[in-house]
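Colleague: Have a look at this fold, sequence not included:
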């Protein structure tokens, strides 16, 4: 065999190997694309089996100690068409920790599926924080569940509003409803005085009776978390249960006034009361009620 023929055969062989390499690489790339596309649409298709779903739990990072479990009525009114797909970015994302809603679907077999929504980023994630895209119908359902949770949170907790703002919203001689965070019992009061916190009095003898019942039938200096409702505002606060000083409302069976503290409120001596602060944080959903 001549040197020329040998070189030609070697050249052709190398060409074939290179062609086979390119074909193999293309097939691998195509398989990867198809696999990602399959993964992208694989997460959930069709509808959830209502009989297979035991419970659905809703929570929000801003209120870490509260979870709302959908009632039977809320479950029956839900559109359980579950349709999500992964995006091509399969990395675990770093989600800002504020304003994250979590939806945990619990099945009868003990398994769960978690979906997270960041209101700050306006994006949806799976339980491992990978980006997903829900279908339009399922996104609408997730938004409805968020509104349900928001209503429950609004009805349960108060906002953390500093005293400087509350002092304007709740001026002297105005009225407010006091709601006990432990029992839900409520009564009406009037602000009578106070410069660093509110000095208030129950409006009627019936309001006084409700307040005394909240403190287990005994007047005490103990602090208790409350929500103060003033018009559209619901504000986290803390009250003590001890009549002291003077009182100007006649016939209310309350010998004096009591104190209501808000965020940044201080005592008459200018000190921050730590027990009041703990109860305020409970009323705002930032601490568990059991502590």
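Modeller: Received it, and whenever you're ready, just let me know what you need. Remember, predicted model here, so these are calculated numbers, not experimental data.

Colleague: show me where the stretch 101-250 of the chain has strands.
Modeller: Shown for the stretch 101-250 of the chain, the strands assigned by DSSP state E, counting those that start in this stretch span residues 112-118, 123-126, 131-134, 175-180, 186-193, 198-202, 220-230, 233-241.

Colleague: closest one to residue 151 among those?
Modeller: strand 233-241 (12.1 Å; CB to CB). C-betas here are computed from N, CA, C, even on glycine.

Colleague: So which other helices or strands are in contact with the closest one?
Modeller: Strand 233-241 sits against helix 163-169, helix 205-214, strand 220-230, strand 258-261, helix 274-283, with contacts defined as 3 or more CB pairs under 8 Å, 6 or more residues apart in numbering; DSSP states H and E.

Colleague: can you rerun that using 10 Å?
Modeller: Helices and strands touching strand 233-241, by 3 or more CB pairs under 10 Å, 6 or more residues apart in numbering; DSSP states H and E, are helix 136-156, helix 163-169, strand 175-180, strand 198-202, helix 205-214, strand 220-230, strand 258-261, helix 274-283.

Colleague: Residues contacting the fifth one, please?
Modeller: It refers to helix 205-214. Residues outside helix 205-214 that contact it (CB atoms under 10 Å, 6 or more residues apart in numbering): 177-180, 182-183, 185-190, 201-202, 204, 217-220, 224, 226, 239, 241, 243, 249, 251-255, 258.

Colleague: Buried ones among those residues?
Modeller: Among the contacts of helix 205-214, those scoring as buried are 178-180, 186-190, 201-202, 219, 224, 226, 239, 241, 243, 249, 252, 254, 258 (criterion: 16 or more other CB atoms under 10 Å).

Colleague: Domains in the chain, by residue range?
Modeller: What automatic domain parsing lists as the domains of the chain is 50-156, 163-283.

Colleague: Endpoint to endpoint, the first one covers what distance?
Modeller: Distance between the boundary residues of domain 50-156 (CA to CA, to the nearest Å) amounts to 29 Å.

Colleague: and residue 162, what does it touch?
Modeller: Residue 162 touches 235, 262-265, counting by CB under 10 Å, 6+ apart.

Colleague: how about a cut-off of 8 Å?
Modeller: Counting by CB atoms under 8 Å, 6 or more residues apart in numbering, residue 162 touches 262-264.

Colleague: Most neighbours out of those residues, which is it?
Modeller: Neighbour counts for those, by other CB atoms under 10 Å, peak at residue 262, which reaches 26 neighbours.

Colleague: thought that residue was touching residue 197?
Modeller: Yes: Residue 262 lies in contact with residue 197 (CB atoms under 8 Å); the separation is 7.1 Å.

Colleague: shared neighbours of these two, anything?
Modeller: Taking CB under 8 Å, 6+ apart as the criterion, residue 262 and residue 197 both touch residue 163.

Colleague: Ramachandran angles for the residue minimising distance to the centre of the chain?
Modeller: Centroid check for the chain by CA atoms, centre = their mean gives residue 60 as the closest residue, at 1.9 Å. Phi and psi for residue 60, reported as degrees, to the nearest 10, are phi -140, psi 140.

Colleague: In space, what's closest to it - neighbours in sequence excluded?
Modeller: Distances taken as CB to CB, 6 or more residues apart in numbering place residue 101 nearest to residue 60, at 5.4 Å, with adjacent residues excluded.

Colleague: distance between stretch 279-291 and the chain's centre?
Modeller: The chain centroid and the centroid of stretch 279-291 are separated by 14 Å under CA atoms, centre = their mean, to the nearest Å.

Colleague: Surely residue 285 and residue 65 touch.
Modeller: Yes: the pair residue 285 / residue 65 is scored as a contact, 6.5 Å apart, by CB under 8 Å.

Colleague: Of the two, which one has the most company?
Modeller: Ranked by neighbour count (other CB under 10 Å), residue 285 and residue 65 place residue 285 first, with 22 against 14.
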